[in-house]
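> Predicted model and sequence below, questions to follow.
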Amino acid sequence: MQLTERRKGNEHYQARRFADALHHYDRARSIVEYVQGMSASDQDELNRNRVAVYLNIAALCMATQDYCRAVHWCGEALQLEPSNIRGLLRRAKANLLSHEYEVNQAVPFVFATKAALVQ
């Protein structure tokens, strides 16, 4: 169910209907935050879905220039998956665009990690 809501949100996001996209992302978020995994593997999959939803919301916040909220949602995703490259890059970009330069301590790590992945 959350996957359906997230996909609908993605369709609206691509069409630049951001209010509609947020509505569906919020519905997906409500689902993934309510459900608990029955096993460790279920919980891992649920956490991956949470990260995806949180980063979708962060992307939407970036698109609407709400950088403070984008940082928040990236932070939520990074609590679950601290080395998520997309989350680290998105948070760094939001901090830079909101002129929060001091908090971008993870940027060298991100570029080092990305370079290691390319090799």
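Arrived safely. Numbers count the residues shown, from 1 in each chain.
> so how far is the first residue of stretch 77-93 from its last?
End-to-end distance for stretch 77-93: 15 Å, by CA to CA, to the nearest Å.
> and the lengthiest helix in the chain, what does it pack onto?
The longest helix of the chain (DSSP state H) is helix 40-63. Judged by 3 or more CB pairs under 8 Å, 6 or more residues apart in numbering; DSSP states H and E, helix 40-63 is in contact with helix 2-14, helix 18-34, helix 67-80, helix 85-97. The way it works is simple: take the backbone N, C-alpha and C, and place the C-beta from them, glycine included.
> TSV for those, including mean neighbour count, distance to Tyr54 and mean pLDDT?
Shown next, in TSV, are the helices and strands packed on helix 40-63 (neighbours: other CB atoms under 10 Å; distance: least, CB to CB, whole Å; pLDDT from 0 to 100):
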stretch	mean neighbour count	distance to Tyr54	mean pLDDT
helix 2-14	17	11	93
helix 18-34	18	7	94
helix 67-80	19	4	96
helix 85-97	20	8	93
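> Asn56 is nearest to which of those?
helix 18-34 (5.3 Å; CB to CB).
> Give me the residues contacting that closest one.
Helix 18-34 is contacted from outside by 1-3, 5-6, 8-13, 46, 49-50, 53-54, 56-57, 60, 63-64, using CB atoms under 8 Å, 6 or more residues apart in numbering.
> ok and it relative to helix 2-14, angle-wise?
Using axes from the mean of the first three to the mean of the last three CA atoms, to 10 degrees, one finds that helix 18-34 and helix 2-14 are set 160 degrees apart in direction.
> how far off helix 67-80 does helix 18-34 point, in degrees?
Using the same axes, to 10 degrees: helix 18-34 against helix 67-80 is 30 degrees.
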